[in-house]
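Asker: Just a sequence and a predicted model for now, questions to come.
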Amino acid sequence: MPLGGGNKCGCCQKTVYFAEEVQCEGRSFHRFCFLCMVCRKNLDSTTVAVHENEIYCKACYGKKYGPKGYGYGAGAGTLSMDKGESLGIKHVEPQEHQPTNNPNTSKFAQKFGGSDVCPRCSKAVYAAEKVIGAGNAWHRGCFRCAKCGKGLESTTLADKDGEIYCKGCYAKNFGPKGFGYGQGAGALSHTQ
């Protein structure tokens with residue numbers, strides 16, 4: 001214990017006396033300094049979460065460092081559009097779907113580099129990420145419909161001119177046209 005009182009507070013660096021001390025991870029805090037770094041709520045031993053030397057309430061810790069994506073919410077707040085900017089999280093927009101831009105469909109040219117080349121992104125496809133469809137090797141992330149971007153499987157795809165489509169987009173764009181070939185209840189509607 002330092003001379004002249006107690007330990008130094010992990011937040012304000014002032015002396016913490018025994019009567020006002022809260023300990024967490026071997027560090028001392030004043031009761032009024034023991035707050036979440038984001039929302040500034042008072043913390044206790046049941047609500048604190050520590051990351052490196054920073055203290056958070058469990059809700060802010062989960063938003064900042066917890067798993068992200070569908071199914072990782074809890075309670076009524078799960079449909080929030082909050083992207084976490086207040087927590088210092090940089091939001092990255094997903095890239096827009098890119099249609100195939102590989103002009104060379106020659107099998108020999110694709111295999112010359114030692115591994116298959118994905119027809120969508122023109123990058124090498126290695127065994128761990130390889131999906132075979134329409135006679136080509138694709139990255140798992142590139143194995144999507146060229147029109148709607150829906151993920152495909154070898155049983156749910158249709159191909160035309162070296163590009164792959166889901167069965168719905170293929171039928172809309174390349175299937176038979178005319179009276180009686182529509183889909184659903186509105187198929188027999190008359191347009192002028």
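Answerer: That came through, no problem. Residues are numbered from 1 along each chain as shown.

Asker: What sits closest to Phe18 if chain neighbours are left out?
Answerer: The shortest distance from Phe18 to any non-neighbouring residue, by CB to CB, 6 or more residues apart in numbering, is to Gly6 (6.1 Å). Where C-beta positions appear, they are placed from N, C-alpha and C, glycine not excepted.

Asker: and that neighbour, what is it in contact with?
Answerer: Applying CB atoms under 8 Å, 6 or more residues apart in numbering to Gly6 gives the contacts Thr15, Val16, Tyr17, Phe18, Glu21, Ser28.

Asker: And Leu152, by the same measure?
Answerer: If you count contacts by CB under 8 Å, 6+ apart, then Leu152 has Gly133, Phe143, Arg144, Cys145, Ile164, Cys166 around it.

Asker: Of the residues you listed, which belong to strands?
Answerer: Taking DSSP state E, the ones among the contacts of Leu152 that sit in strands are Gly133, Ile164, Cys166.

Asker: Among those, which one lies nearest to Arg40?
Answerer: Among the ones in strands among the contacts of Leu152, Cys166 lies closest to Arg40 (CB to CB), at 48.6 Å.

Asker: Just give the nearest non-adjacent residue to that closest one, would you?
Answerer: Cys145 (4.1 Å).

Asker: ditto for Gly62
Answerer: Of all residues not flanking Gly62 in the chain, Ala49 sits nearest, at 7.8 Å (CB to CB, 6+ apart).

Asker: Would you mind giving the domain segments of this protein?
Answerer: As given by the TED database, the domain ranges for the chain are 21-65, 130-174.

Asker: okay, how far is it across the last one, tip to tip?
Answerer: End-to-end distance for domain 130-174: 27 Å, by CA to CA, to the nearest Å.

Asker: and it, average pLDDT?
Answerer: Here domain 130-174 scores 86 as its mean pLDDT.

Asker: Please apply the same query to stretch 49-63.
Answerer: Throughout stretch 49-63, pLDDT has a mean value of 86.

Asker: what does it contact?
Answerer: Under CB under 8 Å, 6+ apart, the answer for stretch 49-63 is 10, 24-25, 27, 34-39, 41, 43, 47-48, 64-65, 82, 84, 87, 89.

Asker: got the end-to-end distance for that stretch?
Answerer: Note: stretch 49-63 ends 12 Å apart using CA to CA.

Asker: Over to stretch 133-149?
Answerer: 15 Å.

Asker: This completes my enquiry, with thanks.
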